[in-house]
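K.L.:
Compute the structure for the input listed below.
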Amino acid sequence: MIVQVSTASYVTTVVVGVVVTLVVGQLLRRVGYDFLIEVYDDRTVATSLNHLLVTLFHLIALGSLCLVSTTNPRGLDGIQLIVTRTGIVLLVLGGVYGLTVLALTRARSRLRDDALEDGMTARRGWRGP
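P.N.:
All right, here's what the predicted structure looks like:
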């Protein structure tokens, strides 16, 4: 049995996905900048990297949204299809967001470890052999 998928389900999936992607992207922009400004003392570098990071997030999220909006899992129709597609989009967005925050956390931890090591080395240098 072939199920006809309406244009409305495509449009609804894309609109909901784009809105959620933009909201999550704005959250990432704010959180990412806070992490990056702590890692890099230079505001220009932190801002530039944050723009690159948010752009990458949007490209991955919107690309996956385009792919998901054309799928029809198990021949679903109507609202079930829209909810299933939206769920897939949310799972992908959550995964991409989680990986991005994990990468930022690791960068911050690495910087803190390096600063601690440098502080210990500096103290040893002041005390002599």
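K.L.:
can you pull the contacts of the residue nearest in space to the middle of the chain?
P.N.:
Ranked by distance to the mean C-alpha position of the chain (C-alpha atoms, centre = their mean), the top residue is residue 97 at 2.9 Å. For residue 97, the contact set (C-beta atoms under 8 Å, 6 or more residues apart in numbering) comprises 24, 27-28, 57. Where you see a C-beta, it was placed from the backbone N, CA and C, and this is true even at glycine.
K.L.:
How far off centre is stretch 42-52?
P.N.:
Offset of stretch 42-52 from its chain centre (C-alpha atoms, centre = their mean, to the nearest Å): 16 Å.
K.L.:
Output that stretch as CSV - backbone C-alpha positions only.
P.N.:
Extracted C-alpha coordinates of stretch 42-52, given in CSV (Å, rounded to 0.1, in the frame of the first residue of the first chain):
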residue,chain,number,x,y,z
ASP,A,42,41.1,37.5,23.4
ARG,A,43,37.5,38.5,22.8
THR,A,44,38.0,38.6,19.1
VAL,A,45,39.2,35.1,18.9
ALA,A,46,36.4,33.8,21.2
THR,A,47,33.8,35.7,19.1
SER,A,48,35.2,34.4,15.8
LEU,A,49,35.4,30.8,17.0
ASN,A,50,31.9,31.0,18.4
HIS,A,51,30.5,32.2,15.1
LEU,A,52,32.3,29.3,13.3
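K.L.:
Give me the mean pLDDT for that stretch.
P.N.:
If you average the pLDDT over stretch 42-52, you get 86.
K.L.:
sorry, back to before: quick check on the contacts of residue 97: which are buried?
P.N.:
Buried subset of the contacts of residue 97 (neighbour count, 16 or more other C-beta atoms under 10 Å): 24, 28, 57.
K.L.:
What strand or helix carries the last one?
P.N.:
Following DSSP states H and E, one finds residue 57 within helix 43-69.
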